[in-house]
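Undergrad: Just a sequence and a predicted model for now, questions to come.
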Amino acid sequence: QVQLVESGGGLVQAGGSLRLSCAASRRTFSSRTVGWFCQAPGKEREFVAGFSWSAGSTYYADSVKGRFTIFRDNAKNTVYLQMSSLKPEDTAVYYCAASKLFAASDARRPTEYDYWGQGTQVTVSS
């Protein structure tokens, strides 16, 4: 079992930046697909960014390309989402997720993930 804990959310003005962190309970991210998703009130959970262990590729939703960056620090068992040029429409609860070890996963599909964090709220004011 893998425990994921997100942090770094908060209230920020439009145009500002935030860095979200996702810490894992064990040394794990180097061999898993890892992603960030968001869910706004009344909407389905949406893919934001992720990298596929099996494909060796990084993916971003079109709405965040050029503004958000996903990266990881394997030594700290932590994955980050650097968010810049934030917009009010980015307001949501952000979740990190991880697949099983060595799983051949499509990082963009939430059904590919086995472990989820509890979420962290990001609110962008206009």
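TA: Right, received. Where do you want to start?
Undergrad: for the spatially closest residue to residue 104 that is not a sequence neighbour, helix, strand, or coil?
TA: Setting aside the residues directly before and after it, residue 104 is nearest to residue 54 in space (Cβ to Cβ, 6 or more residues apart in numbering), at 4.0 Å. The C-beta positions use only the backbone N, C-alpha and C, and glycine is treated the same way. Under the three-state scheme (DSSP: H, G, I helix; E, B strand; the rest coil), residue 54 adopts coil.
Undergrad: ok, now which ones touch residue 54?
TA: For residue 54, the contacting residues are 33, 102, 103, 104, 105, by Cβ atoms under 8 Å, 6 or more residues apart in numbering.
Undergrad: Please pick the buried ones from those residues.
TA: Among these, those classed as buried by 16 or more other Cβ atoms under 10 Å are 33, 103, 105.
Undergrad: Which of those fall in strands?
TA: Judged by DSSP state E, the buried ones among the contacts of residue 54 include no members of strands.
Undergrad: Out of those, which is nearest to residue 76?
TA: Closest to residue 76 out of the buried ones among the contacts of residue 54 is residue 33 (18.7 Å), distances taken as Cβ to Cβ.
Undergrad: confidence score at that closest one?
TA: pLDDT, residue 33: 92.
Undergrad: same question, residue 112
TA: 91.
Undergrad: next one: residue 95
TA: pLDDT recorded at residue 95 is 98.
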